[in-house]
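**Q** A predicted structure for the sequence below; I have some questions about it.
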Amino acid sequence: MSTDYNGYITTERIDGADDGPLAGTTVAVKDNISTEGVRTTCGSAMLDDYVPPFDATVVERIKEAGATIPGKTNMDEFGMGTTTETSAFGPTENPVAKGHVPGGSSGGSAAVVAAGDADMALGTDTGGSVRAPAAFCGVVGIKPTYGLVSRYGIVAYANSLEQVGPIAPTVEEAAQLLEVIAGPDPSDATVRDATDERGEGAYDYAAAADGDVDGLDVGIPMELLDGADERVTEVFWDAIDDLESRGATYHDVDLECLRYAVEAYYVTAMSEASSNLARFDGVRYGQSGGYDGNWNETFARAREEGFGEEVKSRVLLGTYALSAGYHDKYYKKAQDARAWIKRDINDALDEADVLASPTMPVPPMELGESLEDPLTMYLADANTTPANLANVPAISVPAGETDDGLPVGLQFVGPAFGEKEIIRAGSALA
Ligand code: GLN
């Protein structure tokens, strides 16, 4: 099955078990999640013909739960982007807003769900890559608490920030997929048992999608609305009114720290990327540059040919931020900002059940519009990156459309291992 909007990089059917909670459903998988025997490119020419010898834990789990995988979805190269335009396999078009981007970096995953070419999908979210495309394509996306879902078999971009998350048409379906993939894994020591944090029933996410927001206390960080497009804030406030009419209350919260989230995120993500991507040298992993007697030149050629522009510039910036003499000025500062953001978000969540904001400050950009201007693209991550920096869960649910028919997502952020809170809040809207 190929799609005219370029949602899949590879369409190859992988069958799951005959029965289980996901039997009869299709779950598409982002192409940075390892699938045994099926190529996994990360949207990069570097891994054009890379075929992993094992399944990622999340893939093992959805197969055991009975899902069929229809293919591997398009993505920004190594997850670096917000529009799915940095893919070496060409951009994905937004199937519900023609001529526009689907968001990214898991743009293929959200697009195939929105188009009905998969029932659900898995994406990865390092700084918003599940939530941004969910918002732009009018579907639901969850970024779990750091340490809820195994990262074993995920090709790392910035491993202190990323989690695998579900994308689905409704909150209940996304919650059900989360139930299948969550939980401890002997192959990933960073995963904790949610039962230890939240007690019995901690993983009953689908049951929490009951739409009951009576008594829900919503905090709204005004910093995340200040610079947002008016078409987006209008839809946002209408959705908040809707929640209020169903018994929720809201109050403003002041989170000055959020003004530094994009800077802290990009310094951290690029630094980690420069280290994680060192393995793609044409010897251990990746396209070979062809050995001609000089190893340095061979490595350099493999990376010159295999990586796209965005990846190259991030590896260079990350290497610079970590270098002796600049480490304290950039990387250490970013870690200080991260600690500040984490502390203040947790404090705000002591005074509210969830925090709400538009998922993206802008509606879906037109195809081609943001490639020219990376800084503007980075700023589009202002509302999503704080949850990754603070290790807390977040959901994007469709909140409505702008007057010109473009989807708008609303984001709820909850306390660590508070997936049920954000699922309950989100299920009132979708
Ligand atoms: N847009 C962000 C970036 O480019 C987030 C990407 C992601 O979550 N993988 O880094």
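**A** Happy to help now that I have it.
**Q** Which secondary structure state does the residue nearest to residue 192 when sequence neighbours are not counted sit in?
**A** Leaving out its chain neighbours, the residue that sits closest to residue 192 by CB to CB, 6 or more residues apart in numbering is residue 147, at 4.7 Å. For glycine as for every other residue, the C-beta is placed from the backbone atoms N, C-alpha and C. The local conformation at residue 147, judged by DSSP: H, G, I helix; E, B strand; the rest coil, is coil.
**Q** same question, residue 166
**A** Three-state assignment for residue 166 (three-state DSSP): strand.
**Q** Just to check, it is in contact with residue 142?
**A** Yes - judged on CB atoms under 8 Å, residue 166 makes contact with residue 142 at a distance of 5.5 Å.
**Q** Next, show the common contact partners of these two.
**A** Shared contacts of residue 166 and residue 142, defined by CB atoms under 8 Å, 6 or more residues apart in numbering, are found at 130, 174, 175, 178.
**Q** Which one of the residues you listed sits in the busiest neighbourhood?
**A** Within the shared contacts of residue 166 and residue 142, most neighbours by other CB atoms under 10 Å means residue 130, with 35 neighbours.
**Q** So what touches stretch 268-286?
**A** 46-47, 50, 78, 80, 126-127, 156-161, 288-289, 298-299, 301-303, 306-307, 311, 314-319, 321-322, 330-331, 334-335, 338, 389.
**Q** let's see it at 7 Å
**A** With contact meaning CB atoms under 7 Å, 6 or more residues apart in numbering, stretch 268-286 is reached by 46-47, 50, 78, 126-127, 156-161, 288-289, 298-299, 302-303, 306, 314-315, 317-319, 321-322, 331, 334, 338.
**Q** What about the residues you listed, which are in helices?
**A** Cross-referencing the contacts of stretch 268-286 against helices under DSSP state H gives 298-299, 302-303, 306, 314-315, 317-319, 321-322, 334, 338.
**Q** List just the nearest of those to residue 366.
**A** Closest approach between these and residue 366, by CB to CB: residue 314, at 23.8 Å.
**Q** quick one: that closest one and residue 79 touch, right?
**A** No - in this structure residue 314 lies outside contact range of residue 79 using CB atoms under 7 Å: 10.4 Å.
**Q** which of those two has more neighbours?
**A** Using other CB under 10 Å, the more surrounded residue of residue 314 and residue 79 is residue 79, with 29 against 24.
**Q** my guess is the more buried one contacts residue 155, does it?
**A** No - Residue 79 is beyond contact range of residue 155, at 8.4 Å (criterion: CB under 7 Å).
**Q** coming back round to it: now, the most widely separated pair of the ones in helices among the contacts of stretch 268-286?
**A** The largest separation in the ones in helices among the contacts of stretch 268-286, counting by CB to CB, is between 298 and 338 at 36.9 Å.
**Q** circling back: what subset of the contacts of stretch 268-286 is buried?
**A** Using 16 or more other CB atoms under 10 Å as the burial test, the contacts of stretch 268-286 include 46-47, 50, 78, 126-127, 156-158, 160-161, 289, 298-299, 302-303, 306, 314-315, 317-319, 321-322, 331, 334, 338 as buried.
**Q** who touches both of residue 79 and residue 155?
**A** residue 32.
**Q** The chain: strands as residue ranges?
**A** For the chain, the strands defined by DSSP state E occupy 8-10, 27-30, 72-73, 120-125, 140-143, 163-168, 217-221, 249-253, 354-358, 394-401, 407-413.
**Q** Of the ones you listed, which is nearest the ligand?
**A** Minimum separation from the ligand across the strands of the chain (CB to the nearest ligand atom) falls at strand 120-125, 5.0 Å.
**Q** so what does that closest one touch, helix or strand wise?
**A** Packed against strand 120-125 by the contact rule (3 or more CB pairs under 7 Å, 6 or more residues apart in numbering; DSSP states H and E) you find strand 27-30, helix 107-114, strand 163-168.
**Q** was I right about residue 390 contacting residue 344?
**A** No - under the criterion of CB under 7 Å, residue 390 makes no contact with residue 344, lying 8.6 Å away.
**Q** So these two - more neighbours on which side?
**A** More neighbours surround residue 390 than the other of residue 390 and residue 344, with 26 against 19 (other CB under 10 Å).
**Q** Identify the contacts common to residue 314 and residue 79.
**A** The contact sets of residue 314 and residue 79 do not overlap (CB under 7 Å, 6+ apart).
**Q** So which of the shared contacts of residue 166 and residue 142 sit within helices?
**A** Judged by DSSP H, helices contain the following of those: 174, 175, 178.
**Q** Any chance of a markdown table for the residues you listed, columns distance to the ligand and pLDDT?
**A** Conversion of these to a markdown table gives the following (distance: CB to the nearest ligand atom, whole Å; pLDDT from 0 to 100):
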| residue | distance to the ligand | pLDDT |
| --- | --- | --- |
| 174 | 17 | 98 |
| 175 | 21 | 98 |
| 178 | 17 | 98 |
